[in-house]
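> A predicted structure for the sequence below; I have some questions about it.
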Amino acid sequence: MDRVPLRVGDTLLVQATTESIERLDANRDFIVAQTISRRDFREERIPVALGIIAAVVGLAAIDVLPIVVSALAGALAMVVTGCLKPTEVYDAVQWDVVFLLAGVIPLGLAMETTGAADLLAGLIVASADVLPLLAVLGVFYVVTALLTNVISNNASVVLMVPVAVEAAANLGANAFSFVLAVTFAASTAFMTPVGYQTNLFVYGPGGYRFSDYIRVGGPLQALFAVVTTLGIALFWPLTPA
């Protein structure tokens with residue numbers, strides 16, 4: 001570098017100590033655009049960390065402990081064994097996700113306790129007076145999919161399956177087809193980050209916004225509604241044989 005003349009606009013990738021970078025930053029002839037932080041991994045603790053992860057997954061897989069309990073115990077073991085420092089654990093928590101859950105979970109509980117979910121189900125049954133059977137099946141799918149984006153998939157199934165069975169009986173339709181529509185729809189929480197656990201996992205680290213899920217998940221939800229409804233009608237006829 002002593003023999004290389006530097007000109008205005010040249011870009012350098014510099015690996016140096018923090019003090020050297022600070023001296024460059026203080027020099028008016030240079031502009032430090034960004035510093036790259038390198039993690040100082042505790043390589044001697046890698047076997048311990050891998051063992052803890054294996055224990056967490058193994059205990060949950062063989063039904064010794066629920067996954068929630070084993071995961072929390074594993075997180076505690078990471079701190080106790082020195083794999084992680086308490087401050088690192090605190091910094092790793094996605095607090096925006098925690099507060100998002102704190103605001104949305106009560107919304108799902110309110111829908112259950114106030115009867116709003118039951119009201120929606122009743123409106124679906126009433127739609128059978130003006131819609132063909134295939135369209136009613138599609139409405140069941142869409143309403144269940146909208147519910148599962150706000151409340152849990154388990155709750156949406158519990159709420160909608162009895163209504164689907166009763167509606168099918170009243171319409172003289174195949175109850176199994178309506179139950180399938182509800183169960184498939186309950187697994188398509190694409191439009192909100194709180195619809196399913198994996199949505200939340202990527203919400204904070206990916207830098208996503210709530211509207212991103214609607215923009216991408218909305219068309220996907222509509223596509224699944226059409227394809228799944230037609231597929232159920234094809235493989236499981238709506239009217240009993």
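Perfect, thanks for sending it.

> What is the neighbour count of L171?
As a burial measure, L171 scores 17 neighbours (other C-beta atoms under 10 Å). Every residue, glycine included, has its C-beta placed from N, CA and C.

> Could you check how far it is from T228?
19 Å (C-beta to C-beta, to the nearest Å).

> And E166, by the same measure?
Distance, E166 to T228, by C-beta to C-beta: 21 Å.

> Between those two, tell me which one has more neighbours.
A direct count of neighbours by other C-beta under 10 Å for E166 and T228 places T228 higher, at 19 against 14.

> Low-confidence bits of the protein, can you list those?
Within the chain, the stretches with pLDDT under 70 are 35-40, 96-97, 100-101, 103-105, 107-109, 111-112, 116-118, 120-121, 240-241.

> can you give me the helices in it?
18-26, 46-61, 67-80, 86-92, 95-113, 116-126, 133-148, 153-171, 175-185, 197-203, 210-235 (DSSP state H).

> Next, format these as JSON lines and append distance to V4.
Converted to JSON lines, the helices of the chain look like this (distance: least, C-beta to C-beta, whole Å):
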{"stretch": "helix 18-26", "distance to V4": "16"}
{"stretch": "helix 46-61", "distance to V4": "40"}
{"stretch": "helix 67-80", "distance to V4": "46"}
{"stretch": "helix 86-92", "distance to V4": "40"}
{"stretch": "helix 95-113", "distance to V4": "46"}
{"stretch": "helix 116-126", "distance to V4": "70"}
{"stretch": "helix 133-148", "distance to V4": "61"}
{"stretch": "helix 153-171", "distance to V4": "61"}
{"stretch": "helix 175-185", "distance to V4": "64"}
{"stretch": "helix 197-203", "distance to V4": "44"}
{"stretch": "helix 210-235", "distance to V4": "45"}
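
> Can you tell me the centre-most residue of this structure?
Centroid-nearest residue in the chain, with C-alpha atoms, centre = their mean: N199, separated by 1.4 Å.

> Might you report the residue contacts of it?
Contacts for N199 were tallied using C-beta atoms under 8 Å, 6 or more residues apart in numbering; they are 189, 192-193, 213.

> Just these: which are in strands?
Assignment to strands by DSSP state E places none of these there.

> right, and out of the residues you listed, which lies closest to E19?
For the contacts of N199, the closest approach to E19 (C-beta to C-beta) belongs to P193, at 42.2 Å.

> Now that closest one: phi and psi?
Backbone torsions for P193, taken as degrees, to the nearest 10, come to phi -70, psi -10.

> Confirm for me that it is in contact with V216.
No. In terms of C-beta atoms under 8 Å, P193 does not count as a neighbour of V216; the distance is 11.5 Å.

> ok, the two, which is more surrounded?
Neighbours per residue (other C-beta under 10 Å) separate P193 from V216, with P193 holding more: 26 against 13.

> how close does the more buried one get to A92?
To A92, P193 is 18 Å away according to C-beta to C-beta.

> try V80
Taking C-beta to C-beta, one finds V80 at 16 Å from A92.

> And F235, by the same measure?
According to C-beta to C-beta, F235 stands 45 Å off from A92.

> for V130, same thing?
53 Å.

> cool, A168 as well?
Going from A168 to A92 by C-beta to C-beta gives 48 Å.

> So which of these two has more stuff around it?
A side-by-side neighbour count of A168 and A92, using other C-beta under 10 Å, places A168 first with 24 against 9.

> who's in contact with the residue nearest to R45 when sequence neighbours are not counted?
Nearest residue to R45 in three dimensions, chain neighbours excluded: C83, at 4.6 Å (C-beta to C-beta, 6 or more residues apart in numbering). By C-beta under 8 Å, 6+ apart, the residues touching C83 are 42, 45, 48-49, 52.
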